[in-house]
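K.L.:
need coordinates for the following:
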Amino acid sequence: MNIQSILILTAILITAVIVAYRYIHRQKRTGGCGTCNCSCHETCKLHILALISTATVAATAQTHQPALIPYPREIHISLQKPCIIQSKCLISTDDRLLTETTYLKALLHRHFPDISLHDRQRAKADIKLCIDTTLRDNDEQYTLTVNHKGIAIHGATPHAVFNAINTLDQWIRTNSTCNKNRFCIAPVQIRDIPRYRYRALMLDPARHYLPVSDIKRYIDEMARFKFNTLQLHLSDDQGFRIQVYSHPQLTQGQQHYTQDQIRELIRYAATRHVTIVPEIDIPGHTYGILRTHPQYLCQHTDTTAWGHKLRTDVMLCASQPEVYKLCSDIINEIAALFPSPYIHLGGDESLIRKNWSLCPRCQALKARLHYTSDDLIMGYFFSHFWETLRAKGKKPILWVEMDNIVPPATQYLFPYPKDVTLVTWRNALTPTAIRLTAASGNDLIMAPGEHCYFDYPQYPGDLPENNNWGMPILTLKDAYQWDPAYPELNQPTDHITGVMGTLWGEAINDINRAFYMTYPRALALAEAGWSTPDNRHWTGFKTRLYPILDDMMQRGIPFRVPFEIYAGNDKNYPQKK
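P.N.:
Have a look, this model is predicted:
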């Protein structure tokens, strides 16, 4: 703590002592209150505690960031009078914010169980929620003001108000005091806006089915930290997990989501301002489809004991018209079901050399199209679906693939149309992906494996203990210390739309394991997607992290305890080779 912090804290503590003395002295003489000539003894005690609390917050802010994750764009902590909330609290809102008001009430009841909350359309409400049309820079832009007049939240949209409520929740957690039925909150002024508009996490129920109730719980937690997108990986070699009316055999004999369950999940996610993006992975990772449709395999494939053993080396045959009819039927139903502007169609890890290169029919197709490379058939395959998606107002997403799976890579595996959003994911190839997408005009979502693959172990010897193919270690520090814009490359980055943390499900057999692998690394990613670089510091993040994890533990959210960051100033961190 510097000399300025010490002087501020000393001044406020002296003031608190004077107020306390007046209170005691007056009470001895008259039995009344030492500050306002009333009998509200508890209020005066609370003011004393408030002064001390405010002094501590203000002094601490000189050297430490408040425990807010992700950290807001602008925050001003003053020595104004604190906000005093009585046991009967009035909330001013409007019809557009009914869901957000209900959410706020639940959070306040958790902090102050005895509080009585009432909605009122009046100027003198204790808490005011409103849509502010002057906030025009971003749909999630908001301001939060806490002072002696009350709490005021202004947001550009209901989503922005929801984000502000979650910031308020974190602020109250470490900057409030309670004395019987009166609650004191330290003053603060916050102006906030996200750095990137797309901030996502991904679950993989294709590998291990996750019940709808568990996914809702996962949505609740991610929304607290301002993630706004959940990608659901719904098909892979291990399973096809979503009902398709036109092809009911796709989900035969396996746990899956009915379309009514998906609608329920979408509605619930909307109350948390989370968009669900579906992923149907084609043309590779498709044993989940081919298990019940072996007629769509490439001609050379050995189908001995087909359907009785998992296969991870097969693809949909590119030469069969029936394949495109099947995929179009699936895409049409998915597009009608999900309101998301995006549909993810996979496009990764297609074992072309083991399938299309050996299939006589696919080779005949290649010759007919005058292609010089088998890889170019990928472009032909996906071209059957672009117009369908565009006609339905949907934007396709694909995992970006290049002419090599490790550096150096020089070009895309096949040409991508400009309206396809690409996701960078392969270790060490993100700089190339930034360069290629900037040149081709494709939007880019950042999910580099070395920073965003949350199925990787968090520490040597840590989970996962099964299905670990020799995964690299992705520590919390690695997840935090990266800038999605890669400024060291000195390349255009306006086309980078956001970030995504992926949780591939081979070793994630239930939601508790999913939470454990996600957190606290997702907190690091939340800040990478929301906060500006000048507000992101590893030392400050470590300090802010502890109260957040304590709250998660109290709410029963599993996470890995990052013991190593508190033991010897990171000396226990494994060194990168």
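K.L.:
quick one: the helices in the stretch 151-300 of the chain?
P.N.:
158-174, 212-224, 259-271, 287-290 (DSSP state H, counting those that start in this stretch).
K.L.:
in what helix or strand does the nearest residue to residue 565 once chain neighbours are set aside lie?
P.N.:
Leaving aside its chain neighbours, residue 565 sits nearest to residue 542 (5.3 Å; criterion: C-beta to C-beta, 6 or more residues apart in numbering). (C-beta placed from N, C-alpha, C; glycine too.) Under the criterion of DSSP states H and E, residue 542 resides in helix 538-554.
K.L.:
what's the angle between that helix and helix 158-174?
P.N.:
90 degrees (axes from the mean of the first three to the mean of the last three C-alpha atoms, to 10 degrees).
K.L.:
residue ranges with poor pLDDT in the stretch 451-577 of the chain?
P.N.:
Where the stretch 451-577 of the chain drops to pLDDT under 70, the residues are 568-577.
K.L.:
go with 90
P.N.:
465-470, 565-577 (pLDDT under 90).
K.L.:
quick one on the thing from earlier: what about the residue nearest to residue 565, how many residues nearby?
P.N.:
Residue 542 has 17 neighbours, counted by other C-beta atoms under 10 Å.
K.L.:
you'd agree it is up against residue 549?
P.N.:
No. Between residue 542 and residue 549 there is no contact under C-beta atoms under 8 Å: 10.8 Å.
K.L.:
could you find the closest non-adjacent residue to the residue nearest the centre of the chain?
P.N.:
Centroid-nearest residue in the chain: residue 227, 3.0 Å away (criterion: C-alpha atoms, centre = their mean). Leaving out its chain neighbours, the residue that sits closest to residue 227 by C-beta to C-beta, 6+ apart is residue 199, at 5.0 Å.
K.L.:
got the domain ranges for this protein?
P.N.:
Domain assignment of the chain by automatic domain parsing yields the ranges 1-64, 66-193, 198-566.
K.L.:
now do the last one: distance to the chain's middle.
P.N.:
Domain 198-566 has its average C-alpha position 14 Å from the chain's average C-alpha position, going by C-alpha atoms, centre = their mean, to the nearest Å.
K.L.:
helix, strand or coil for residue 376?
P.N.:
helix (DSSP: H, G, I helix; E, B strand; the rest coil).
K.L.:
so what touches the helix or strand containing residue 383?
P.N.:
Element membership for residue 383, per DSSP H and E: helix 377-391. Helix 377-391 is contacted from outside by 282-283, 316, 318, 324, 327-328, 331-332, 335, 343, 345, 347, 350, 352, 356, 362, 365-366, 369, 371, 395-396, 398, 401, 413-415, 417, 419, using C-beta atoms under 8 Å, 6 or more residues apart in numbering.
K.L.:
quick one: buried ones out of those residues?
P.N.:
282-283, 316, 318, 324, 327, 331-332, 335, 343, 345, 347, 350, 352, 356, 362, 365-366, 371, 396, 398, 401, 413-414 (16 or more other C-beta atoms under 10 Å).
K.L.:
and stretch 464-482, how far apart are its ends?
P.N.:
24 Å (C-alpha to C-alpha, to the nearest Å).
K.L.:
next, residue 343: secondary structure please.
P.N.:
strand.
K.L.:
er, residue 524 I mean
P.N.:
Assignment for residue 524 (three-state DSSP): helix.
K.L.:
for burial, what's the neighbour tally of it?
P.N.:
What residue 524 shows, counting by other C-beta under 10 Å, is a neighbour count of 27.
K.L.:
how close does it sit to residue 545?
P.N.:
From residue 524 across to residue 545, the span is 9 Å (C-beta to C-beta, to the nearest Å).
K.L.:
how about residue 536?
P.N.:
13 Å.
K.L.:
for the nearest residue to residue 252 once chain neighbours are set aside, grab phi and psi.
P.N.:
What sits nearest to residue 252 in space, not counting adjacent residues and going by C-beta to C-beta, 6+ apart, is residue 292, at 5.7 Å. Residue 292 has phi and psi values of phi -100, psi 0 when expressed as degrees, to the nearest 10.
K.L.:
does residue 256 touch residue 248 like I think?
P.N.:
No. With contact defined as C-beta under 8 Å, residue 256 does not count as touching residue 248 (10.3 Å).
K.L.:
look at those two and report which has more neighbours.
P.N.:
A direct count of neighbours by other C-beta under 10 Å for residue 256 and residue 248 places residue 256 higher, at 19 against 10.
K.L.:
give the contact list for the more buried one.
P.N.:
209, 239, 240, 241, 242, 243.
K.L.:
and the pLDDT at it?
P.N.:
For residue 256, the pLDDT comes out at 98.
K.L.:
kindly report the same for residue 303.
P.N.:
At residue 303, pLDDT is 87.
K.L.:
again with residue 121
P.N.:
For residue 121, the predicted pLDDT is 70.
K.L.:
these two touch, right, it and residue 92?
P.N.:
Yes. Contact criterion C-beta under 8 Å: residue 121 and residue 92 qualify, at 6.2 Å.
K.L.:
centre of the chain to stretch 64-80, how far?
P.N.:
21 Å.
K.L.:
I should have written stretch 561-568 there, sorry.
P.N.:
That offset, for stretch 561-568, works out to 24 Å (C-alpha atoms, centre = their mean).
K.L.:
just stretch 105-112 next, same as before
P.N.:
The answer for stretch 105-112 is 23 Å, by C-alpha atoms, centre = their mean.
K.L.:
and the residue lying closest to residue 164 once chain neighbours are set aside, how many neighbours?
P.N.:
Using C-beta to C-beta, 6+ apart and skipping the chain neighbours, the partner closest in space to residue 164 is residue 142 (4.1 Å). When neighbours are defined as other C-beta under 10 Å, residue 142 has 25 of them.
K.L.:
which residues does residue 142 contact?
P.N.:
135, 153-156, 160-161, 163-164, 167, 191-193.
K.L.:
same check on residue 207?
P.N.:
Per C-beta under 8 Å, 6+ apart, neighbours of residue 207: 233, 236, 238, 239, 504, 505, 506, 508.
K.L.:
was I right to think the fourth one contacts residue 287?
P.N.:
No. Taking contacts as C-beta under 8 Å, residue 239 lies outside contact range of residue 287: 9.1 Å.
K.L.:
number of nearby residues for the residue nearest to residue 157 when sequence neighbours are not counted?
P.N.:
Distance criterion C-beta to C-beta, 6+ apart; nearest residue to residue 157, sequence neighbours excluded, is residue 139 at 4.9 Å. The number of residues packed near residue 139 is 17, by other C-beta under 10 Å.
K.L.:
per-residue pLDDT, residue 139?
P.N.:
Looking at residue 139, the pLDDT reads 98.
K.L.:
what distance do you get for it to residue 151?
P.N.:
22 Å.
K.L.:
now do the SS call for residue 361.
P.N.:
Residue 361 ends up helix, using three-state DSSP.
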